[in-house]
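Participant: need the 3D shape of this:
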Amino acid sequence: MTMTSKGGMALVAIVWLCATTSEAFAQNQWKEFISKQDRFGANFPGDPVVTQMTWQSEQGAVVPARVYSVTNGASKYSMTVVDYNLVKAQLLEKVKSCPPGVERCLGRTAFSGDGYWKNDLRGAMIYAAFQYMKKGFKIDHYMWNHLGMGVEVNELQMTNPADQSRTFVTIYMHHNVLYVMDATVPAGVPPPGLFTQSITLYEADGSRTDHGKVIFNGAELDPNEVYVRRGGRAATP
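Facilitator: Residues are numbered from 1 along each chain as shown. As a prediction, this is how the structure comes out:
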């Protein structure tokens, strides 16, 4: 029987798309990978290789990170996880050897924190996005979003002028841990939504993250901070 109505054609298209997606999922052995250590889950086309590395923050802290990566033909998928909880102690230590009078070492601006440690954490997502912007990609789209579980997201879509491959990046910050999902696919290949839209974050007790509202990681750094004037007195609200 031949369907001629618009509704019928749309139904056929949906069924075909679902079947194609399921077939691709099976052929490439896509499956959910869960890291209990770094508290995330995501779909990968195979078991990711885990690589230890170091990450230098915008304010100069050097902290450990892990990269979970899979190469599938000409496509590459990775998740980089950086523990920014270690940044504060490092920057506070660096302050001790600062030259006299250096503004970031005075500790007079509670919103920034000694050594700018609060700025470092609150700006981590923007800093991570900027690392891609410096690589010469054509930026197709850059936007703010949020997960259904309430965690804010920065999203980047880029094209590599050299071969027209496309890179899709989603960046999260949760409990002071930075998550950078990176998927690069060849020109003409559909966006890698099976990967980039699959993330689940977990709490320390193993439960799935679900805040019931949108949260911003920066607001959790120091909820009781008080702005301090240059003379050392607390500012009145």
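
Participant: quick one: residues contacting the residue nearest the centre of the chain.
Facilitator: Residue closest to the average C-alpha location in the chain (Cα atoms, centre = their mean): Ile171, at 2.1 Å. Applying Cβ atoms under 8 Å, 6 or more residues apart in numbering, we find Ile171 in contact with 125, 128-129, 153-156, 178-181. Using the backbone N, CA and C atoms, a C-beta is placed for each residue, glycine as well.

Participant: for the chain, which segments count as helices?
Facilitator: Ranges of helices in the chain, per DSSP state H, are 6-27, 87-95, 117-122, 124-133, 193-196.

Participant: shaky segments in the protein?
Facilitator: Residue ranges of the chain with pLDDT under 70: 1-28, 107-108, 228-237.

Participant: would you map the strands across it?
Facilitator: 31-35, 40-44, 49-56, 62-72, 75-83, 138-146, 152-159, 166-174, 177-185, 200-201 (DSSP state E).

Participant: okay if I get those strands as a markdown table plus distance to Phe216?
Facilitator: Below are the strands of the chain laid out as a markdown table (distance: least, Cβ to Cβ, whole Å):
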| stretch | distance to Phe216 |
| --- | --- |
| strand 31-35 | 24 |
| strand 40-44 | 19 |
| strand 49-56 | 21 |
| strand 62-72 | 21 |
| strand 75-83 | 18 |
| strand 138-146 | 10 |
| strand 152-159 | 6 |
| strand 166-174 | 9 |
| strand 177-185 | 14 |
| strand 200-201 | 15 |
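
Participant: any idea what sits nearest Leu147, other than its immediate chain neighbours?
Facilitator: Once flanking residues are discounted, Leu147 sits nearest to Val153: 6.2 Å by Cβ to Cβ, 6 or more residues apart in numbering.

Participant: that neighbour and Tyr172 touch, don't they?
Facilitator: Yes - assessed by Cβ atoms under 8 Å, Val153 is found in contact with Tyr172 at 5.7 Å.

Participant: okay, these two: which has more neighbours?
Facilitator: Tyr172 (22 against 18; other Cβ atoms under 10 Å).

Participant: beta partners of the more buried one?
Facilitator: When bridges are called by DSSP bridges, Tyr172 pairs up with Val153, Tyr179.

Participant: now do the contacts for it.
Facilitator: Per Cβ under 8 Å, 6+ apart, neighbours of Tyr172: 125, 147, 151-153, 178-181, 199, 201.

Participant: which one of those sits closest to Lys36?
Facilitator: Within these, proximity to Lys36 (Cβ to Cβ) peaks at Leu201, which comes in at 12.2 Å.

Participant: who's in contact with the closest residue to Met79 other than its chain neighbours?
Facilitator: Using Cβ to Cβ, 6+ apart and skipping residues adjacent in sequence, the residue nearest Met79 is Tyr68, 4.5 Å away. Residues in contact with Tyr68 (Cβ under 8 Å, 6+ apart) are 33, 35, 44, 48-50, 78-81.
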